[in-house]
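Asks: with the sequence up front, the predicted model follows.
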Amino acid sequence: MMSVFRKYHPGLFALLSLYGLLACGGIDNAVTRTVAESVMLGPAWTVLPVAPPLEVRRTGQKILMRLDGVRDWVKPFAGPLLLRDGSSIDIEVELTDQTGQRHSLVPISIGASIGFGLAQPEESAGFFKNRRFVELRVRGSRPILAQRIDWYCWTGK
């Protein structure tokens, strides 16, 4: 029966398959935008103007930063990042919105990149939908290379 359906209705079968993937979370519909690559962070603020502005999309948003040597962070939130050599480093991240208001971000996830987001989301898992960010400010308590910095928006389940 299924092979007959596929044979005579291939477009409908493809459409239903796509719908099934979307409904079950099988397709990653995240939005990623690279803000900077190969940026040396230190005690002074590194200011990265963003044009066009970063837009709030999907349910949650965070800054993803690829930093060498990070293995964990002191939880909950706002603790230092722990490096493989046993030392620690504090990373501060701020987004400036279109009104000039600064929003401090804290570590919220760790993996290949460190995720920095709001400790207390404004709505859903992130910012209010009307925010546009025109500047990213980042600094570290000591020098460290940020291989890549991305704006990441996702839809949770």
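Replies: It's in.
Asks: which pLDDT value belongs to residue 76?
Replies: On pLDDT, residue 76 comes in at 66.
Asks: should've said residue 80
Replies: On the pLDDT scale, residue 80 gets 91.
Asks: again, but for residue 107
Replies: For residue 107, the predicted pLDDT is 91.
Asks: burial count for the residue nearest to it when sequence neighbours are not counted?
Replies: In space, and not counting its chain neighbours, residue 107 is closest to residue 73: 4.7 Å by CB to CB, 6 or more residues apart in numbering. Any C-beta I mention is one placed from the backbone N, CA and C, and that applies to glycine too. Look at residue 73: counted by other CB atoms under 10 Å, it has 21 neighbours.
Asks: partners of residue 73 in the sheet?
Replies: Counting by DSSP bridges, residue 73 is bridged to residue 81.
Asks: can you tell me how far it is from residue 47?
Replies: For residue 73, the distance to residue 47 equals 24 Å [CB to CB, to the nearest Å].
Asks: need the CA coordinates for the helix or strand that contains residue 37. CSV is fine.
Replies: Taking DSSP states H and E as the criterion, residue 37 maps to strand 31-41. Provided in CSV are the C-alpha atoms of strand 31-41 (Å, rounded to 0.1, in the frame of the first residue of the first chain):
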residue,chain,number,x,y,z
VAL,A,31,19.4,30.9,12.8
THR,A,32,23.1,31.5,13.1
ARG,A,33,24.9,34.7,12.2
THR,A,34,28.7,35.1,12.6
VAL,A,35,29.6,38.4,14.4
ALA,A,36,33.4,38.0,14.4
GLU,A,37,36.2,35.6,13.9
SER,A,38,39.6,35.4,15.5
VAL,A,39,39.2,38.1,18.1
MET,A,40,41.8,38.4,21.0
LEU,A,41,40.0,39.3,24.2
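Asks: low-confidence ranges in this protein?
Replies: Across the chain, residues meeting the criterion (pLDDT under 70) sit at 1-28, 76-78, 157.
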